[in-house]
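Participant: Turn this into a structure:
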Amino acid sequence: MKSILKKELTLSASILSYLFILFGFMFFIPGYPILCGVFFVTLGIFQSFQNAREANDIVFSALLPVAKKDVVKGKYLFSCFIELCSILLMVIAALIRMTVLEDVVVYRNNAMMNANFFALGIALFLFGLFNLIFIGGFFKTAYKFGKPFVTHIIVTFVMIGIGEALHHIPGLEAVNAFGFAHFGLQFGLLALGAMAYIVLTVISYRCACRNFERIDL
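Facilitator: This is a model prediction of the structure:
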């Protein structure tokens, strides 16, 4: 398993997958839908899948002395690695905005979503949806990824729109709290997002393993 993951990280990965991790720092941008950073990170992962397809990486991996499910596992571990690296940057940006920059005017007057625990929970949820829709969709054929990625784009931006609209609904202002206000609610929403990420990823992985086993490469 270590060998297949190393192959994913060094041979199959596009350099863009690593560079686009930096879009996690979009959580610093005021007056902008910060969750778009999640989309750009997934776009970087998409580039690795595209490179792998063009290089017949799936067939090459399947010819290695590993189980077919390990080929799937390698792709998921790589994707989760990129996602969690970007989440780490988002956490750093959110904590800085929640503490050092809490009273900065440009953030206080920000009409868009604030960088807080709720935003981090939504980011994790969006990554889980990406794993379910795109990676799971890719392994239905292990070749076609256009339709799953377009579906992912539509779902992602609908969810970003919903996330940005929630705090404008009367009674839901707490989801956009500054600093550590409404900490219990905020932390609970982050925990729900993390749980959703794990559940969606595990479901996607198991379905992908079953689908890949049936494919005749």
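Participant: Which helix or which strand is home to residue 196?
Facilitator: helix 183-214 (DSSP states H and E).
Participant: now the helices: where do they sit in the protein?
Facilitator: For the chain, the helices defined by DSSP state H cover 2-7, 15-19, 36-54, 57-63, 68-98, 105-108, 117-130, 136-138, 146-166, 183-214.
Participant: who's in contact with the third one?
Facilitator: When contacts are taken as Cβ atoms under 8 Å, 6 or more residues apart in numbering, the neighbours of helix 36-54 outside the stretch itself are 12-14, 16-21, 23-27, 57-58, 75, 78-79, 82-83, 86, 90, 123, 126-127, 130, 134-135, 138, 143, 145, 149, 152-153, 156-157, 160. All C-beta spots, glycine's among them, are computed from the backbone N, C-alpha and C.
Participant: Tell me how far the helix holding residue 196 lies from the chain's centre.
Facilitator: Here helix 183-214 is found 11 Å from its chain centre; the criterion is Cα atoms, centre = their mean, to the nearest Å.
Participant: got the angle between that helix and helix 117-130?
Facilitator: If you take axes from the mean of the first three to the mean of the last three Cα atoms, to 10 degrees, helix 183-214 sits at 10 degrees to helix 117-130.
Participant: How much space separates residue 205 from residue 74?
Facilitator: 11 Å (Cβ to Cβ, to the nearest Å).
Participant: Tell me the helices and strands packed up against the helix holding residue 196.
Facilitator: Packing contacts for helix 183-214, counted by 3 or more Cβ pairs under 8 Å, 6 or more residues apart in numbering; DSSP states H and E, involve helix 68-98, helix 117-130, helix 136-138.
Participant: Share the number of residues neighbouring residue 100, please.
Facilitator: For residue 100, the count of nearby residues is 9 (other Cβ atoms under 10 Å).
Participant: and it, how far is that from residue 149?
Facilitator: With Cβ to Cβ as the criterion, residue 100 and residue 149 are 37 Å apart.
Participant: in the chain, which ranges drop under the pLDDT threshold?
Facilitator: By pLDDT under 70, the weakly predicted segments of the chain are 1, 216-217.
Participant: Can you tell me the centre-most residue of it?
Facilitator: Nearest to the geometric centre of the chain sits residue 127, at 2.6 Å (Cα atoms, centre = their mean).
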